[in-house]
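I need the structure of the sequence given here:
(one chain, ligands or ions: 1)
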Amino acid sequence: MTPNSLPGPRPWPVLGTNGNLLSFVLDPLAHVERLFRQYGPIAALVRGRSRRIASPGRDTPAIVFVRGPELNRALLSDAERFHKTPLSGPLYPGQGATERTRPLLRVMTGLFNVNGEEHRERRRLMLPAFHKSRIDQYRDDMVSITEAVIERFELGAVRNIRDDMTELTLRIATKTLFGADMREQGLSIARSLASWMQAFRPAAALPYDAPWLPYRRFLELSRSIDVQLGELIAERRRLGSGADVLSMLLEARDEQGAPLGDDELVGHTGVLFAAGHETSANALCWTLFLLSQHPRIVAELREELASVLGGEAPRTDQLGSLPLLEGVIKESLRLLPPGRLNHRIVAQPAELGGFAVPAGSEVITSVYHTHRDPELYPEPDRFRPARWEGFDPGPYAFSPFGAGSRMCIGSAFAMMELKIVLAILLQRFRFELDQDKPLDRVISIVMAPKPGLFMRVHRGDHALTSSAGRRRGNVWGMVALD
Ligand code: HEM
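Predicted coordinates for the structure are as follows:
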């Protein structure tokens, strides 16, 4: 079978495969939806040589989208054949690192960028930090930081909840990961990391160190991140061991008894920091948005919270006794998953769904579309937390945290954080969506509300008002409302 037998559109006249990519970039979600509708559960966005999405400086033989539990399993359960973005590509300096590119090498050395034995070894070192007994210890920090952030919520006023949730999860991340509740320093690293991710593609297109090229800025950002993370690590070393993830990494030893080198420590902390707060912030935002449109579910949830928690913040032993809260979070992660796509690079020639996929291709599983399969989830576009009572569709049908050997290492941490924050917020307040602002999705690494999530904050009461007024923005097309 040849690669061309993959179903998918032809290259555009004149623009060629760039035309296919352009149409995708303009509205990724809508474009992938059209592909699946026209070609089925495996569809090539691009067939034949084109610029890679993950590493645009390199050609790739095909860019393929898949959906559904079987294809998801085929892709995510075979980590030898399907790699995560590998430590290669035009931006990775490797052995040839110079003084200028060395920070880049360190920043790129996190768990996201390694495969095979290297990935297994590094993940093994990190796993104990995410063990249940360990993350239970973060409960008090999660509670006290949430209390501190919501103290300034003014009743009756409209606020951008996205900013609040970003600050909240950032502070929780810095405290539990690095042992310090950081505001300015944490924000500064988060901003640098966000700019770094935005600069990645333009820098990869022309990786030359010249003053007018984005690559120069990319190197400067890498240096700044490297310095800031290096300072954090030095500070942790100076203060001695604590109950945070970084302390655990500092104590970790490989099979030969050697500690992690500074390069690896910078890489790990950067990935943990990047992966560990924006995803949770957006999951909280989308859940509050969905709840604002379903006041009856909010009323039921408040009853559950009141009967189990009686107005207090949850203890870890109570988190398993809140089935509706769990259903609400899972339903939100199903409908509006922050990580709606999961990428792999084909390391060896592969077969997927009966089609040959050449090595070097990029395969992307659409978590968003798998989560909307009507055979798995009746009335898939509706927010129905009750569907999760005694229901388990399996790890490849519900994969907001990925699945297989690379599944999100922080998933239990994230679920605990989402439950604690929501339980505190919803016992204290009712959130009404501000009808004057449009609500769009912006899709970069994670799917986030744009221009933010503007909500009026009320005292927690049983009012059954839904804030659906003028529904402007493309988010409304993603959820069916009564
Ligand atoms: C709602 C919150 C979160 C969501 C939706 C989420 C989602 C994901 C997804 C989809 C992946 C990729 C899995 C794959 O490649 O197959 C991932 C990986 C990862 N996540 Fe999360 N995540 C969340 C929170 C966190 C937190 C709180 C942390 C750390 C404190 C974290 C750390 C990581 C790491 C280190 C990886 C790489 C794992 C590996 O490659 O072995 N995540 N996450």
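
where along the protein do the strands fall?
For the chain, the strands defined by DSSP state E cover 42-51, 59-66, 82-83, 158-160, 341-346, 350-352, 355-357, 362-366, 429-433, 440-443, 447-450, 454-459.

Of all those, which one is nearest the ligand?
Ranking these by distance to the ligand, with Cβ to the nearest ligand atom as the measure, places strand 341-346 first at 5.0 Å. All C-beta atoms are positioned from the backbone trio N, CA, C, and that covers glycine.

any idea of the angle that closest one forms with strand 59-66?
Angle, strand 341-346 to strand 59-66, by axes from the mean of the first three to the mean of the last three Cα atoms, to 10 degrees: 130 degrees.

so how many other residues sit close to Asp434?
Using other Cβ atoms under 10 Å, Asp434 has 19 other residues around it.

how far away is it from Ser411?
Taking Cβ to Cβ, to the nearest Å as the measure, Asp434 falls 32 Å from Ser411.

Then Ala258?
Distance from Ala258 to Ser411, by Cβ to Cβ: 29 Å.

residue in the stretch 51-200 of the chain nearest to the ligand?
Distances between the stretch 51-200 of the chain and the ligand by Cβ to the nearest ligand atom are smallest at Leu111, namely 4.5 Å.

shouldn't that residue be in contact with Glu121?
No: Leu111 is beyond contact range of Glu121, at 10.7 Å (criterion: Cβ atoms under 8 Å).

if you skip the residues just before and after it, what's nearest to Pro374?
The shortest distance from Pro374 to any non-neighbouring residue, by Cβ to Cβ, 6 or more residues apart in numbering, is to Pro380 (5.2 Å).

Report the contact partners of the one you found.
371-374 (Cβ atoms under 8 Å, 6 or more residues apart in numbering).

Run a quick neighbour tally on the nearest residue to Pro103 once chain neighbours are set aside.
Counting by Cβ to Cβ, 6+ apart, Asp226 is the residue found nearest to Pro103 once chain neighbours are left out, at 3.6 Å. Asp226 has 22 neighbours, counted by other Cβ under 10 Å.

Give me the pLDDT value at Asp226.
For Asp226, the pLDDT comes out at 90.

what does Gly394 give?
The model's pLDDT for Gly394 equals 97.

Provide a list of residues in contact with it.
Shown in contact with Gly394 (Cβ under 8 Å, 6+ apart): Pro69.

how far away is it from the ligand?
Distance, Gly394 to the ligand, using Cβ to the nearest ligand atom, to the nearest Å: 15 Å.

Next: Lys437.
Lys437 is 24 Å from the ligand, by Cβ to the nearest ligand atom.

That residue: what's its closest spatial neighbour, skipping adjacent residues?
Lys437's closest residue in space is Phe454 (Cβ to Cβ, 6+ apart), at 4.6 Å.

residues from the stretch 1-150 of the chain in reach of the ligand?
Residues of the stretch 1-150 of the chain lying near the ligand by Cβ under 6 Å from any ligand atom: 76, 84, 111-112, 123.

now with 5 Å?
The interface of the stretch 1-150 of the chain toward the ligand, taken as Cβ under 5 Å from any ligand atom, is made up of 111, 123.

Give me the below-cutoff pLDDT ranges for the stretch 1-150 of the chain.
1-4, 48-60, 86-96 (pLDDT under 70).

run the last query once more with 50
For the stretch 1-150 of the chain, the stretches flagged by pLDDT under 50 are 1-3, 54, 57.

All the helices of it, residue numbers only.
Taking DSSP state H, counting those that start in this stretch as the test, the helices found in the stretch 1-150 of the chain are 17-26, 28-39, 69-76, 102-107, 116-126, 132-136, 139-150.

With Phe218 as the reference, name the closest of these.
Of all the helices of the stretch 1-150 of the chain, the one in closest proximity to Phe218, counting by Cβ to Cβ, is helix 102-107 (7.6 Å).

The closest one: which residues count as buried?
Of all the residues in helix 102-107, those buried under the rule 16 or more other Cβ atoms under 10 Å are 103-107.

want to throw those residues into CSV with distance to Pro41?
Output for these, formatted as CSV (distance: Cβ to Cβ, whole Å):
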residue, distance to Pro41
Pro103, 42
Leu104, 37
Leu105, 38
Arg106, 40
Val107, 36
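
picking up where we left off before, in contact with the residue of the stretch 51-200 of the chain closest to the ligand: list those residues for me.
Residues 119, 122-123, 126, 267-268, 271, 409 are the ones in contact with Leu111 under the rule Cβ under 8 Å, 6+ apart.

Now for those: which two are most distant?
Spatial extent of the contacts of Leu111 (Cβ to Cβ) is set by the pair Gly267 and Ile409 at 14.1 Å.

for Asp181, phi and psi?
phi -80, psi 90 (degrees, to the nearest 10).

So Gly267 and Ile409 - more neighbours on which side?
Using other Cβ under 10 Å as the criterion, Gly267 and Ile409 rank with Gly267 on top: 25 against 19.

Report pLDDT for the nearest residue to Gly230 once chain neighbours are set aside.
Once flanking residues are discounted, Gly230 sits nearest to Val266: 6.2 Å by Cβ to Cβ, 6+ apart. On pLDDT, Val266 comes in at 87.

measure the nearest residue to Phe130 once chain neighbours are set aside to His83 for me?
Counting by Cβ to Cβ, 6+ apart, Phe130 lies nearest to Ile409, which is 5.3 Å off, once chain neighbours are set aside. Distance, Ile409 to His83, by Cβ to Cβ: 17 Å.

What of Leu187?
From Leu187 to His83 the distance is 33 Å (Cβ to Cβ).

For these two, indicate the residue with more neighbours.
His83 (21 against 15).

pretty sure Leu272 is touching Leu177, no?
Yes: applying Cβ under 8 Å, one finds Leu272 in contact with Leu177, separated by 5.4 Å.

so what's in contact with these two at the same time?
Between them, Leu272 and Leu177 have Val245 as joint contacts when contacts are counted by Cβ under 8 Å, 6+ apart.

and the longest helix for this protein?
Determined from DSSP state H, the single longest helix within the chain is helix 262-292.

of Ala258 and Ser411, who's got more company?
Legend: neighbour count by other Cβ under 10 Å for Ala258 and Ser411, higher for Ser411 (13 against 9).

which one is that one nearest to, not counting chain neighbours?
Spatially, and ignoring its direct neighbours in sequence, Ser411 is nearest to Phe401 (4.0 Å; Cβ to Cβ, 6+ apart).

For that neighbour, give me the backbone phi and psi.
Torsion angles, degrees, to the nearest 10, at Phe401: phi -110, psi 20.

That one contacts Met407, doesn't it?
Yes: judged on Cβ under 8 Å, Phe401 makes contact with Met407 at a distance of 5.7 Å.

which one of the two has more residues nearby?
Under the criterion of other Cβ under 10 Å, the comparison of Phe401 against Met407 puts Phe401 first, with 21 against 13.

for stretch 184-193, which positions count as buried?
So, applying 16+ other Cβ under 10 Å, buried residues of stretch 184-193: 186, 189-190, 192-193.

Lowest-confidence one in those residues?
Within the buried residues of stretch 184-193, the minimum per-residue pLDDT falls on Gly186 (79).
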